[in-house]
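S.K.: Next input, structure requested:
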Amino acid sequence: MQSLQPKFSHIYIEKKAYGYPISDTILAKYSNSSIIEIDQYKGFFNRSRQDFQSQKQSMNLILAKKPPPFLYPVSDMVQGNQLPGFFYTTPMLNCLYNCDYCFLQGMYPSGNIVIFVNQNDLQESITKQIAQNEISELLTTISVSYNTDLLAMEHLIPLTKSWIEFASRKKNLNIEVRTKSSNFKMIGTLNPNENVILSWTVSPEEICKSYEHLAAPISKRVKAIQSALDNGWKVRLCIDPIMKIDNWENIYTDFLSFLFQNVDGKKIFDLTLGTFRMNKDYFNRIRKRNPKSDIYFSEFSVEHNTIALPHKTRKYMIEKLKKELCKYIDSEKILIWE
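M.R.: Now for the predicted structure:
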């Protein structure tokens, strides 16, 4: 279940992060929390021998001023990564949720959340990138929630709103906001923007209950998705990762029937489809940290430093679900990672 406002017993703040509007807002909301001043967030966030899972059960918040760089090329595990103008930025590090299959559990040593207070610096960097791309007539595409879930934190600080408003002032820019939240109402008063794609990860209830800890129930996500569509937003659905669990074929077939009984497939902008895969180092790190999860002890292959299901298995799964999806949406709207 989602909490309207996360409870952070401790707020760690860099000395140079004071005086920013984000800092002022959060410190005012958490006036009863312990406020601890630190010199720089990396020394605290990147400490060795932290217990990621214990920290996720009682997360603390870190307020920091992000140093450059502000833009990064997207991973080759993301659909569309071959686009020359596709980057991600990091308004926050880490996520309020605790999904077993998430690469963040292997990417970061800490389960705590970092919010960067100098969002304007990130946005100025994007403005410069847009100008550079325009010389080559390239569209700039930015994922603003690649390694977090902004919408899940919208009750605390309206960063999703800020990024949507930023995108509305720019030409030749697309931004993607990916989420497992049902918090659409927090941005529901904004006018839909052609530059913005609201991207929801959706999974069968069996997957949500087993692996997507703390995320919004799928029934609430689906209601949020239809609300966004009704309000005229571009919506991307992400059935990714597809998990190879017992009886997965029937489970996903039933799920797609439920999904498109409640979501108008004709209004969907597009849909991404992909099986579980992960950087090898992240995978091995998570397997040590979370030995109770059955995900990391299944049959996988290693391809170019990526852990994935065997090629034959994932090809069958993708073809099976794509065939089923074509009952509900046009095939050209389906983007596939293989």
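S.K.: Show me the beta-bridge partners of residue 177.
M.R.: On the basis of DSSP bridges, residue 177 is bridged to residue 198.
S.K.: mind listing what it touches?
M.R.: Neighbouring residues of residue 177 by CB atoms under 8 Å, 6 or more residues apart in numbering: 144-145, 150-151, 160, 163-164, 196-199. In short, each C-beta sits where N, CA and C put it, glycine included.
S.K.: do that again at 6 Å, thanks
M.R.: Shown in contact with residue 177 (CB atoms under 6 Å, 6 or more residues apart in numbering): 144-145, 160, 198.
S.K.: how near is it to residue 195?
M.R.: Using CB to CB, to the nearest Å, residue 177 is found at 11 Å from residue 195.
S.K.: and what of residue 133?
M.R.: The gap separating residue 133 from residue 195 is 14 Å, by CB to CB.
S.K.: Residue 246 now?
M.R.: Taking CB to CB, one finds residue 246 at 42 Å from residue 195.
S.K.: just residue 93 next, same as before
M.R.: From residue 93 to residue 195 the distance is 25 Å (CB to CB).
S.K.: now residue 154
M.R.: Taking CB to CB, one finds residue 154 at 19 Å from residue 195.
S.K.: Quick check: phi and psi on residue 46?
M.R.: When read as degrees, to the nearest 10, the backbone of residue 46 gives phi -100, psi 20.
S.K.: swap that for residue 142, sorry
M.R.: Dihedral angles phi and psi of residue 142 (degrees, to the nearest 10) take the values phi -130, psi 130.
S.K.: thinking it is in contact with residue 173, fair?
M.R.: No: if you go by CB atoms under 6 Å, residue 142 and residue 173 don't touch, sitting 7.0 Å apart.
S.K.: is it fair to say residue 215 lies in a strand?
M.R.: No: counting by DSSP: H, G, I helix; E, B strand; the rest coil, residue 215 is located in no strand; its state is coil.
S.K.: how about the helices in the chain?
M.R.: 21-29, 41-45, 52-57, 104-107, 119-135, 159-168, 205-211, 218-230, 248-262, 280-289, 311-325 (DSSP state H).
S.K.: Specify the angle between the fifth one and helix 21-29 in degrees.
M.R.: Just to be clear, that refers to helix 119-135. Interaxial angle, helix 119-135 versus helix 21-29 (axes from the mean of the first three to the mean of the last three CA atoms, to 10 degrees): 150 degrees.
S.K.: Mind giving me the packing neighbours of helix 119-135?
M.R.: Applying 3 or more CB pairs under 6 Å, 6 or more residues apart in numbering; DSSP states H and E, we find helix 119-135 packed against strand 140-143.
S.K.: From the chain's centroid, how far away is the strand it packs on?
M.R.: Strand 140-143 sits 14 Å away from the centroid of its parent chain (CA atoms, centre = their mean, to the nearest Å).
S.K.: contacting residues around it?
M.R.: With CB under 6 Å, 6+ apart as the test, strand 140-143 has contacts from 85-89, 126, 129-130, 133, 173-176.
S.K.: Tell me which two in those residues are the farthest apart.
M.R.: Greatest spacing in the contacts of strand 140-143, by CB to CB: 133 and 176 (16.3 Å).
S.K.: that older thread, how about the helices of the chain in a markdown table, adding mean pLDDT?
M.R.: Shown next, in a markdown table, are the helices of the chain (pLDDT from 0 to 100):
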| stretch | mean pLDDT |
| --- | --- |
| helix 21-29 | 97 |
| helix 41-45 | 96 |
| helix 52-57 | 92 |
| helix 104-107 | 95 |
| helix 119-135 | 96 |
| helix 159-168 | 98 |
| helix 205-211 | 97 |
| helix 218-230 | 98 |
| helix 248-262 | 98 |
| helix 280-289 | 94 |
| helix 311-325 | 97 |
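S.K.: re earlier: what is the nearest of the contacts of strand 140-143 to residue 270?
M.R.: Using CB to CB, the contacts of strand 140-143 come closest to residue 270 at residue 176, 10.9 Å.
S.K.: Much appreciated, bye for now.
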